[in-house]
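Peer 1: Here is my input, please return the structure:
(chains A and B)
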There are 2 protein chains.
Amino acid sequence: LLGSDLAPGVLVKAESLQVTGSFKARGACNAVLCLLEREPAVAGVVTHSSGNHAQAVAWAARIAGLPATIVIPASANPAKIAATRAFGADVITDGVTYDNRERIAEEISRARGLHLLHPYDDWDVIHGAATVGVEIVADAPAAGAVVVPVGGGGQLAGIALAFATAAGTDAVLYGVEPETAADAALSLKNGRLEHLDADPVTIADGVKSKQIGDRNYEVIVSRRLVKDIVTVSEDEIAEAVRVAWQTLGLALEPTGALSLAAYLSRRVPPGTSTRPTVLSASGGNFDPATVAGFLAPR
Amino acid sequence: LLGSDLAPGVLVKAESLQVTGSFKARGACNAVLCLLEREPAVAGVVTHSSGNHAQAVAWAARIAGLPATIVIPASANPAKIAATRAFGADVITDGVTYDNRERIAEEISRARGLHLLHPYDDWDVIHGAATVGVEIVADAPAAGAVVVPVGGGGQLAGIALAFATAAGTDAVLYGVEPETAADAALSLKNGRLEHLDADPVTIADGVKSKQIGDRNYEVIVSRRLVKDIVTVSEDEIAEAVRVAWQTLGLALEPTGALSLAAYLSRRVPPGTSTRPTVLSASGGNFDPATVAGFLAPR
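Peer 2: Numbers count the residues shown, from 1 in each chain, chains lettered A, B, ... in the order given. This is a model prediction of the structure:
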């Protein structure tokens, strides 16, 4: 946990400094290791992702000595595709779109006998992400609030489970979504699993999933382990990226700056030095041209 | 010390995450506290700086409850001037240039009875910077090399003293300068204190001093506690800033990326997992427009 020059009541969990540049390494690592324990003879894993989960699974599979096939939309950020290949994964992009990627991954799983690793609707992935929460409890047991970006909901669900099972802490959990991708906020409000009809338009490309996973719905909504899910505008996200870079010294991607955006726009408790607010800065794999534009608008 | 996705043999001392955004907070804090111990009735401190030392002294003085006057060239980065004022310091810029700032600070010191705090040629400041080295020894006693930017030489001298007085480590120290500001490299080579005739032209605005301090010369050159001082080009510095932001997740200023530039251009030992190379990333207070240009060239 990093302090910051913003205020004494703010602590930052900088998962942008995590191996592969995001918290996704935790879930991927746990899922691959659990898989090997259950099925030592498994032929390999396959997953679909346009972003941080792709690199994380490629990295975790390499460590475990397991072949990995990653299905990535052809239009995804070339830098992320290259980074995933650099970890030794078999990357498939031909004919892959955001809409058909899950189906293609399922077909490959069946045809090649590979274990299909869901990016967020998988207990092993969620439990891996939960280690973020375990570490926050250990380092800041007096935290009053913890703020976490929500896409598929894996990170928020994992952290919520960690806090629900930890002794000696009563921190309140908040999720954050872009206004344009507020399906989880709506699900929590309405008490049913809501989903977006179309791909949301947001600079926070790590939280574009159209609905949270069933398991994450169970933790976040049914078990009521999260107090609220707040939303932030695109301008607020861009401003948070700028503040993160200039004031925190952290190169965050827009998705990784969601919690800071919620803090700066006063939609979560400000925190005090005795009851700090912890902001999850979940990733740092940004598109340089986009972020350069936030720093110095053309 | 942070690991990195660059290589297992590289560790980064991220002083960009330090309070006030640079290692300068250490020297300023130590100097102000030592001053108060020696002269409890001192009226205040005055210093001159265009950059990180200004904010660091303003911060340290505020903590100690001591008035601080900071002389900053009128043409300096407005963001740094504002940050210094935000710490409650009396900032003087009227008629101040890079050439007359030291003289003006001396005049203010005499006229108002304020203690003049030199940015780097002061044992208290050097000993404060030495705590960077103390922490590196504690965290990576097996380090094979430590790489440190050189402007006035305070950080390098401090770290060199820390390593010279520590038991159980035999790391070799390297300094790094821009090619256009290579006075320290020349001083070490020639065995005499060399100085630049004109202000150097470099994007690394934290190392523009024309010569290293007398005390730092004593440590670095006379006592031979530094193995070599290498130089890097402006393009290599810009590339290192880009790599720091994209691969390390650290928003570094060009000066803070000098050690990484030396590593990427293979002018210092690459390090191994058992004998790592430690790179000091000394600061993160950058000019947004300049750095945006490195990320996405126009």
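Peer 1: which strands and helices sit next to the helix or strand harbouring residue A:135?
Peer 2: Taking DSSP states H and E as the definition, one finds residue A:135 inside helix A:123-139. Counting contacts by 3 or more C-beta pairs under 8 Å, 6 or more residues apart in numbering or on different chains; DSSP states H and E, helix A:123-139 is packed against strand A:10-14, helix A:24-38, helix A:154-165, helix A:214-217. C-beta coordinates here come from the backbone N, C-alpha and C atoms, glycine included.
Peer 1: Skip ahead from the shortest one and say which helix or strand is next.
Peer 2: By that I understand helix A:214-217. From helix A:214-217, the next helix or strand downstream (DSSP H and E) is strand A:228-232.
Peer 1: Using PDB, write down the CA coordinates of that next one.
Peer 2: Taking Å, rounded to 0.1, in the frame of the first residue of the first chain, the C-alpha atoms of strand A:228-232 are listed here in PDB:
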ATOM      1  CA  ASP A 228     -22.600   0.600  -3.200                       C
ATOM      2  CA  ILE A 229     -21.400   0.800  -6.800                       C
ATOM      3  CA  VAL A 230     -20.800   4.300  -8.000                       C
ATOM      4  CA  THR A 231     -20.200   5.700 -11.500                       C
ATOM      5  CA  VAL A 232     -17.800   8.200 -13.000                       C
END
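Peer 1: And the helices in chain A, which stretches?
Peer 2: Applying DSSP state H to chain A gives helices spanning A:24-38, A:52-64, A:78-86, A:101-112, A:123-139, A:154-165, A:183-190, A:214-217, A:234-243, A:258-264, A:288-295.
Peer 1: of these, which approaches residue B:57 most closely?
Peer 2: Smallest distance to residue B:57 across the helices of chain A (C-beta to C-beta): 24.0 Å, for helix A:234-243.
Peer 1: circling back to that earlier point, now the helix holding residue A:135: buried residues?
Peer 2: A:123-134, A:136-137 (16 or more other C-beta atoms under 10 Å in any protein chain shown).
Peer 1: Of these, just say which sits nearest to chain B.
Peer 2: residue A:132 (15.8 Å; C-beta to the nearest C-beta).
Peer 1: what's near enough to touch the closest one?
Peer 2: A:13, A:15, A:23, A:26, A:155, A:158-159, A:162, A:280 (C-beta atoms under 8 Å, 6 or more residues apart in numbering or on different chains).
Peer 1: Write out the residues of the stretch 151-298 of chain A neighbouring chain B.
Peer 2: A:242, A:244-246, A:248-252, A:284, A:286, A:288-289, A:291-293, A:295-296, A:298 (C-beta under 8 Å from any C-beta of the partner chain).
Peer 1: just to revisit the earlier point, so which pair among the contacts of residue A:132 is furthest apart in space?
Peer 2: A:15 and A:162 (14.1 Å).
Peer 1: Out of the helices of chain A, which is the most enclosed?
Peer 2: helix A:258-264 (a mean of 28; mean count of other C-beta atoms under 10 Å in any protein chain shown).
Peer 1: Would you enumerate the residues in contact with the nearest residue to residue A:136 once chain neighbours are set aside?
Peer 2: Closest residue to residue A:136 apart from its sequence neighbours, by C-beta to C-beta, 6 or more residues apart in numbering or on different chains: residue A:278 at 5.4 Å. Contacts for residue A:278 (C-beta under 8 Å, 6+ apart) come out as A:1, A:11-13, A:136, A:140, A:143, A:145-147, A:171.
Peer 1: Mind checking which of those are buried?
Peer 2: The buried subset of those (16+ other C-beta under 10 Å) comprises A:11-13, A:136, A:140, A:143, A:145-147, A:171.
Peer 1: Including pLDDT and distance to residue B:94, could those residues go into JSON lines?
Peer 2: Below are the buried ones among the contacts of residue A:278 laid out as JSON lines (pLDDT from 0 to 100; distance: C-beta to C-beta, whole Å):
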{"residue": "A:11", "pLDDT": "98", "distance to residue B:94": "40"}
{"residue": "A:12", "pLDDT": "98", "distance to residue B:94": "38"}
{"residue": "A:13", "pLDDT": "98", "distance to residue B:94": "44"}
{"residue": "A:136", "pLDDT": "98", "distance to residue B:94": "48"}
{"residue": "A:140", "pLDDT": "97", "distance to residue B:94": "45"}
{"residue": "A:143", "pLDDT": "98", "distance to residue B:94": "46"}
{"residue": "A:145", "pLDDT": "98", "distance to residue B:94": "45"}
{"residue": "A:146", "pLDDT": "98", "distance to residue B:94": "47"}
{"residue": "A:147", "pLDDT": "98", "distance to residue B:94": "44"}
{"residue": "A:171", "pLDDT": "97", "distance to residue B:94": "49"}
